[in-house]
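# what follows is a predicted structure for the sequence shown.
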Amino acid sequence: MTPIRIAFLALTDAAVLIAAREKGFAEAQGIALDLVRDTSWATLRDRLVYGQVQAAHMLAPLAVAVTLGLSQQPCALSAPYKLNVNGNQLVMAPDFAAALERDAAVRLNDPLATAHDFANAIGLHHRKPVIGVVHRFSSHALILRYWLASAGIDPDRDVVLRVLPPSLMVEAMRAGEIDGFTAGEPWGSAAVEVGLAEAVAAGERLWQRGVEKVLTFRTDWMEQHPDLVDGLLRAMAGAAAWCDDPVNRVELAGLLAQPAYVDQPAELIERALAGRIVVRQGEAPVDLPDFILFARDATPFPWRSQALWIYSQLVRWGMVEPSAQAQARAADVFRPDIYRRALADSDAPMPGASMKVEGALLSPLAIGAPKGSITLGPDRFFDGRAFDPDRIEEYVAGFPPRR
Amino acid sequence: MRIVIIDDSGARATVLEEGLRDAGYEDIHVVPPRGAFVARLERMAPDVVLMDLGNPSRDTLEEMLVVSRALAKPIAMFVDQSDDNMIGAAIDAGVSAYVVDGLRKERVKPILDLAIRRFSAFARMQAELDEARTQLADRKTIDRAKAILMSSRGLSEPDAYALLRTTAMNQGKKLVDVAAALITASDLLGGTS
């Protein structure tokens, strides 16, 4: 058995790592998986960068940001495997949400209209709303900015974005320090369950296949340990298929609920795993079957175009100075070559290409692949824009200029 | 040189603050990471910020370091990235230090070294305290289980202990776990222990 230490945060989307350990997928690959829980992304990042752990459950934009030297010590990171897509929601305090569409399904299913309602709600609010985001370099923050801006809201001027770790959001709501937050599950559901918040937007409705957590290594370590990395990726693929199977949902929720992992009620965790989103305390849930994915539709495949989408958003919000070099380094964070090497002999979905236009698929599409065909899920952005990784400059310029 | 310690635990902050004062630093402030601590920190304009590596407020602090207009100079987590040994020691000790740009390495190193030593000492103390607490709790549990066996089966104290130990060994369990199970069972059966 070879030990590997992996840092994670208490979130539902650490499921694949937890199942790999608890259901024997890692052990079957000769790996003794040691999972180290942290509360903040800064701590998780430092453990990875300074070698206390060999891998981490990381926000995809943070992996890009660390590689580009935007978040403390610069360090080349690599993400050969996506641990999930989607799984976040934006929730706001009931007094703020009162100005939004009442019908829960309509509110979630028409994000563009809800964004405009949100703009009005800001006007009615007694002060600038304070919205908790888990990190500057998180998918949550990037898609929230995108969504707010679609209704003419300047995320740096019209609202206050306050950074807080996901597991502290509910307490911050209770203390009145924030008026809402966007975070991975189960924290949104936990706030709704106790009546502190209402669901306002679901990540899956903003970008139907939104890049989220990635299994991240230091590039030098990954390159020095190819066999170990391949074994770990095979363990992940097995665990991901197990996590996605509805038959295992109750057991998975039970595993995640344990005090050492997410430490929240199993029923609450299971609800989001099943894609049932309760918008208001006590109401019937809205069904969002793609609320969080672990395996199906080639979820784990690290499309380089998705790393580039992250780069495009960093450019859009002035977080990085655009350059050909930065762009190339950002794309290189996602490593489909390692994914292909590790999973070549498995039945994991194996797209032939490494890039695609993001946001172009309105319905599921079967594509040719080296081994038979695979299905890609719809990946539309809520505003219908498509991201062509070969035309990043044009894409960024296509958004209304910031005032 | 203004040093700010961000800490929830009064004890650890005190241990560190005392060490720094003994070493001749005077401008030291302890700030608990609650409420508007970031605004307080901004007003203080510290040269060095020390905190526990695992402190959940680090994301909030780092965001402030990026967006703050009050802090003209950038702050990095370690002043000199070339000193791998010291960084390794700091990470292992659980120290994170944010240092203003331009502060010379020689001026920061003694502070960091001291923080590393004090953090390690504090962690050791904490571990010893936890261990002592566990031992005490375990002994109480075992004593209760012994008393149950003595009164219900008329055993002497050494025999009661021997029975617990043999059972634990046969079942491959810890003595304290067997004792706890016995207490639970006895409570369920309405025993008086």
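Right, received. Where do you want to start? Residues are numbered from 1 along each chain as shown, chains lettered A, B, ... in the order given.
# when you work out contacts or count neighbours from here on, use the C-alpha atoms and nothing else.
Noted.
# list the contacts for B:Asp7?
B:Asp7 makes contact with B:Ala13, B:Val30, B:Val31, B:Pro32, B:Pro33, B:Met51, B:Asp52, B:Asn55 under the criterion CA atoms under 8 Å, 6 or more residues apart in numbering or on different chains.
# just give me the residue right at the centre of chain B.
B:Ala123 (5.3 Å; CA atoms, centre = their mean).
# buried ones in the lengthiest helix in chain A?
Counting by DSSP state H, the longest helix found in chain A is helix A:226-244. If you call a residue buried by 16 or more other CA atoms under 10 Å in any protein chain shown, then helix A:226-244 has these buried ones: A:228-240, A:242-244.
# what's the answer for stretch A:255-273, then?
A:255-257, A:261-266, A:268-273.
# pLDDT (mean, whole number) over it?
Averaged over stretch A:255-273, pLDDT sits at 96.
# low-confidence ranges in the chain?
Here I'm looking at chain A. A:371-372, A:403 (pLDDT under 70).
# to clarify, I was referring to chain B.
Using pLDDT under 70, chain B drops low at B:69-82, B:191-193.
# point out the residues in it that sit beside chain A.
Taking CA under 8 Å from any CA of the partner chain as the criterion, chain B approaches chain A at residues B:35, B:53-60, B:63, B:76-77, B:81, B:88, B:91-92.
# quick one, which of those residues are buried?
For those, buried by 16+ other CA under 10 Å: B:53-60, B:63, B:76-77, B:91-92.
# centroid-wise, who is the farthest residue in chain B?
Using CA atoms, centre = their mean, the residue of chain B lying farthest from its centre is B:Gly154. It sits 44.8 Å away.
# now do the contacts for the closest residue to B:Ala97 other than its chain neighbours.
Distances taken as CA to CA, 6 or more residues apart in numbering or on different chains put B:Leu50 closest to B:Ala97, at 4.6 Å, once the chain neighbours are dropped. By CA under 8 Å, 6+ apart, B:Leu50 lies in contact with B:Ile3, B:Val4, B:Ile5, B:Ile6, B:Val95, B:Ser96, B:Ala97, B:Tyr98, B:Ala115.
# wait, the last one sits on B:Leu16?
Right, B:Ala115. Yes. Using CA atoms under 8 Å, B:Ala115 is in contact with B:Leu16, at 6.4 Å.
# the two: who's more crowded?
B:Ala115 (26 against 22; other CA atoms under 10 Å in any protein chain shown).
# how many neighbours does A:Pro80 have?
Around A:Pro80 there are 27 residues (other CA under 10 Å).
# got a list of what it touches?
A:Pro80 touches A:Val214, A:Leu215, A:Thr216, A:Phe301, A:Pro302, A:Phe334, A:Arg335, A:Pro336, A:Asp337, A:Ile338, A:Tyr339, counting by CA under 8 Å, 6+ apart.
# of these, grab the buried ones for ChimeraX.
Restricted to buried positions by 16+ other CA under 10 Å, the ChimeraX selection for the contacts of A:Pro80 reads:
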select /A:214,215,216,301,302,334,335,336,338,339
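# check the gap between A:Ala397 and A:Val211 for me.
Distance of A:Ala397 to A:Val211, given as CA to CA, to the nearest Å: 22 Å.
# scratch that, A:Leu90
16 Å.
# looking at these two, which has the bigger crowd around it?
Neighbour totals were compared for A:Leu90 and A:Val211, and A:Val211 leads with 28 against 23 (other CA under 10 Å).
# got the contact list for the more buried one?
A:Ala60, A:Lys82, A:Asn84, A:Val85, A:Asn86, A:Ser139, A:Gln306.
# report the beta-bridge partners for it.
With DSSP bridges as the criterion, A:Val211 is bridged to A:Val85.
# quick one: it from chain B, how far?
Distance of A:Val211 to chain B, computed by CA to the nearest CA, to the nearest Å: 21 Å.
# how about A:Ala324?
For A:Ala324 relative to chain B (CA to the nearest CA), the value is 24 Å.
# one more: A:Ala360?
34 Å.
# need the contact list for that residue.
Per CA under 8 Å, 6+ apart, neighbours of A:Ala360: A:Pro378, A:Asp379, A:Arg380, A:Ala386, A:Phe387.
# please pick the buried ones from those.
Looks like the contacts of A:Ala360 have A:Pro378, A:Asp379, A:Arg380, A:Phe387 buried, using 16+ other CA under 10 Å.
# which of the residues you listed come close to chain B?
Checking the buried ones among the contacts of A:Ala360 against chain B (CA under 8 Å from any CA), there are no matches.
# and the contacts of the host helix or strand of B:Leu20?
In this structure, B:Leu20 is located in helix B:10-22 according to DSSP states H and E. Helix B:10-22 has contacts (CA under 8 Å, 6+ apart) with B:Ile5, B:Ile6, B:Asp7, B:Glu26, B:Ile28, B:Val30, B:Ile111, B:Leu114, B:Ala115, B:Arg118, B:Phe119, B:Phe122.
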